[in-house]
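K.L.:
Give me coordinates for this.
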Amino acid sequence: MAHQNPWPDEGNTGHIWDEDLRELDNPPPLWWMLSFYAGFIMIIFYTLYYPTIPLTNATGEFTKGMTGWTQVNEYHDDFKVLKDWRDSKFADKEEKLAAMSVTEILQDEELKSYAVATSKMLFGDYCAACHGAGGAGNPSFPVLADDDWLWGGSVAQIEASIKNGRIGNMPAKGMMGNLSDTEIDNVADYVIALSQGEGNDVAYSAGKAAYTKGMCLACHGPAGKPLAPVGAANLTDQIWRFSGNREEIRGVIANGVNVKKNGEYVAGTHQAVMPSFKERLPNADVNVKRLAVYVHALGGGQ
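P.N.:
Numbering: from 1, shown residues only. The predicted model follows:
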C-alpha cells in the first residue's frame, strides 16, 4: 500500500496496492439503493401482513397479522384436502374393513394388503414404542415378528389382545408359593436345561421335582411347553419374555409377574401389562382390525 496518493483528485480512499490498484469512493448505483430501501418497506409490509412480533405479556402471544395466516392453519387446511381425497378414494375399502371380521379380511388378499399398507404409521404411533419398529421387540417387551405367542397368534387372538389388552400373571415361588430358595435355584437350572433340550438329564431331576411341586406345569406344561395359549411362556424355545440370564430367570420364579399386595406391586416382581387399545385408538372399531392384520402379517401369525 502506498503512503502517498498519486491521484488525490480522483475520489479514491487512499488505499492503493501494487502501485496503481486503488479503492474508489463512488456512491452505490441507483438500482442498488432503491433495492436497499425497498427491503425496509418489505419488512414493514411483512410485519403487518404476517404474524410476526412476539409480545411480552404473560400469555406470550404474538401479532396475528392482517390475514390471520399461520403455518399450522395452512397445514390443517392441506391435511383436510388430503384426508378428503383419501376418504373418497378408499371409501369402499374402509367400509369393507368396518363390515368384515379379521378372519374374513385375511382371506381377501386385496383388502389384507390395504390393511397392512395403512397400518404402518398407526403401528409406529401406538405400538413401536414397546414392541420396536416392525415388531422387532424391545427389552422386556415381546417380539411380534416371530412365531412365539403367549396368548395365541391367530388373527382373532391378536385382535383380542389389541382390543382388550393383556395382563401377565405368574405367582411368586411357584403356583402354590411353596418353593424354598434351594428349590427355586433348582427350578431355574431346570428351566434353562429345558431351553437347551437337556431337561431329562438326571442332573436336573431335583429341578424337575421342584417344578412339579410348585405346579409350574399347570401353566407351562409338563415338559415346559404350554398346552394352550394362556399367557404362559414356552420354556423350550430359548425365547425369553424378560431375559435368559439365570439371575433374571430365578428372579421371575421367586418374585413372579404382576404380583401385588394391598394394591401395590411387591418388590422384585416383574410388571407385564399391555393396555387395552379399544379406547386409545382413533376409530378403534376399524383400526384394531387393521393393526391385528398387520401384526399377523409381520411374520409370526398362525
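
K.L.:
Which residue, other than its chain neighbours, is closest to D237?
P.N.:
Distance criterion CB to CB, 6 or more residues apart in numbering; nearest residue to D237, sequence neighbours excluded, is D148 at 6.2 Å. All C-beta spots, glycine's among them, are computed from the backbone N, C-alpha and C.

K.L.:
Tell me how many other residues crowd A232.
P.N.:
22 (other CB atoms under 10 Å).

K.L.:
Am I right that it falls within a helix?
P.N.:
No: according to DSSP: H, G, I helix; E, B strand; the rest coil, A232 belongs to no helix; its state is coil.

K.L.:
need the contact list for it.
P.N.:
Going by CB atoms under 8 Å, 6 or more residues apart in numbering, A232 touches L150, M170, C219, H220, G221, P226.

K.L.:
Next, count neighbours for D148.
P.N.:
Using other CB under 10 Å, the number of residues around D148 comes to 16.

K.L.:
Quick check: the gap between it and I239.
P.N.:
Going from D148 to I239 by CB to CB, to the nearest Å gives 5 Å.

K.L.:
what do you get for G39?
P.N.:
66 Å.

K.L.:
of the two, who's got more company?
P.N.:
Between G39 and I239, I239 has the larger neighbour count (other CB under 10 Å), namely 16 against 9.

K.L.:
And the furthest pair within the contacts of A232?
P.N.:
Pairwise distances across these (CB to CB) peak at 14.2 Å, for the pair M170 and G221.

K.L.:
Secondary structure element for A228, which one?
P.N.:
Secondary structure assigned from DSSP states H and E places A228 in neither a helix nor a strand.

K.L.:
how close does it get to L82?
P.N.:
Counting by CB to CB - A228 and L82 are separated by 46 Å.

K.L.:
Buried residues, stretch 175-191. List them.
P.N.:
Within stretch 175-191, the residues scored as buried using 16 or more other CB atoms under 10 Å are M175, L179, E183, I184, D185, N186, V187, A188, D189, Y190, V191.

K.L.:
go on, stretch 118-130?
P.N.:
T118, S119, L122, F123, Y126, C127, A128.

K.L.:
Repeat that for stretch 142-151.
P.N.:
Of the residues in stretch 142-151, those buried by neighbour count under the rule 16+ other CB under 10 Å are P142, V143, L144, A145, D146, D148, W149, L150, W151.

K.L.:
neighbours around Y294, how many?
P.N.:
24.

K.L.:
ok, it touching V116?
P.N.:
Yes: counting by CB atoms under 8 Å, Y294 sits close enough to V116 to count as a contact (5.1 Å).

K.L.:
Would you map the helices across the stretch 1-150 of the chain?
P.N.:
Assigned by DSSP state H, counting those that start in this stretch, the helices in the stretch 1-150 of the chain fall at 30-49, 71-89, 91-99, 102-107, 109-117, 120-126, 128-131.

K.L.:
how would you label M176: helix, strand or coil?
P.N.:
Assignment for M176 (three-state DSSP): coil.
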